[in-house]
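Q: have a look at this prediction, sequence included:
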Amino acid sequence: MSPRGKQTNGLLTQQKMLRAAVALFLESGYEKTTTAKIAKAAGMTQSSFFRAFASKEALLLELVRHKNVALSRASLYEIVWQEEYTGETRTLDSHIQRLRRKLNWNDRIQTVFRIGYRLEVRR
């Protein structure tokens with residue numbers, strides 16, 4: 001496999017692991033979620049998890065990497081659903097509302113007018 005093919009495959013593995021981790025963090029909480037559970041939910045082996053991320057903490061860091069930065073609706077939609085955003089759906093908005101409610105983060109996940117959303121982390 002070419003280096004570019006390996007890089008693409010690694011990014012897909014990371015995205016699958018991220019999606020699985022978010023779902024498990026919301027369902028069970030961070031402390032009760034293990035790397036083995038994340039890998040299983042993503043349909044991968046635990047060794048695949050450690051090839052993608054050094055630890056569960058590294059995964060969490062990836063999730064908050066863009067804190068305090070407004071992300072466009074299109075980029076969020078395309079990252080999560082891996083398809084082009086046409087602007088004709090409220091799916092992203094529904095999921096953001098659910099996250100706000102489950103995490104009690106109404107004040108942390110901010111809507112940025114005409115752009116998208118921002119995870120606001122105060123220091």
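A: Perfect, I can see it now.

Q: which stretches of this structure form strands?
A: 71-72, 109-112, 116-119 (DSSP state E).

Q: so which of these is the most packed in?
A: Mean neighbour count, computed with mean count of other Cβ atoms under 10 Å, is highest for strand 116-119 among these, reaching a mean of 18. No exception for glycine: its C-beta is placed from N, CA and C like everyone else's.

Q: from the contact counts, what lies against it?
A: Strand 116-119 sits against strand 71-72, helix 73-81, strand 109-112, with contacts defined as 3 or more Cβ pairs under 8 Å, 6 or more residues apart in numbering; DSSP states H and E.

Q: mind checking how far the last one is from the chain centre?
A: Read that as strand 109-112. 16 Å (Cα atoms, centre = their mean, to the nearest Å).

Q: okay, residue 63: pLDDT?
A: On the pLDDT scale, residue 63 is placed at 59.

Q: what number of residues lie near residue 37?
A: For residue 37, the count of nearby residues is 18 (other Cβ atoms under 10 Å).

Q: ok, the residue lying closest to it once chain neighbours are set aside - contacts?
A: For residue 37, ignoring the flanking residues on the chain, the nearest one in space by Cβ to Cβ, 6 or more residues apart in numbering is residue 24 at 5.9 Å. By Cβ atoms under 8 Å, 6 or more residues apart in numbering, the residues touching residue 24 are 33, 37, 38, 41.

Q: who wins for most neighbours among the residues you listed?
A: residue 38 (26 neighbours).

Q: the strands of the chain into JSON lines, with extra columns for mean pLDDT and distance to residue 28?
A: Formatted as JSON lines, the strands of the chain follow (pLDDT from 0 to 100; distance: least, Cβ to Cβ, whole Å):
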{"stretch": "strand 71-72", "mean pLDDT": "83", "distance to residue 28": "26"}
{"stretch": "strand 109-112", "mean pLDDT": "90", "distance to residue 28": "20"}
{"stretch": "strand 116-119", "mean pLDDT": "86", "distance to residue 28": "21"}
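
Q: minimum distance to residue 65: which of those strands has it?
A: Evaluated over those, closeness to residue 65 peaks at strand 116-119, with 9.8 Å, by Cβ to Cβ.

Q: mean pLDDT per helix and strand in this structure: which one sits at the bottom?
A: Counting by mean pLDDT, DSSP states H and E, the chain has its least confident helix or strand at helix 56-63, which shows a mean of 58.
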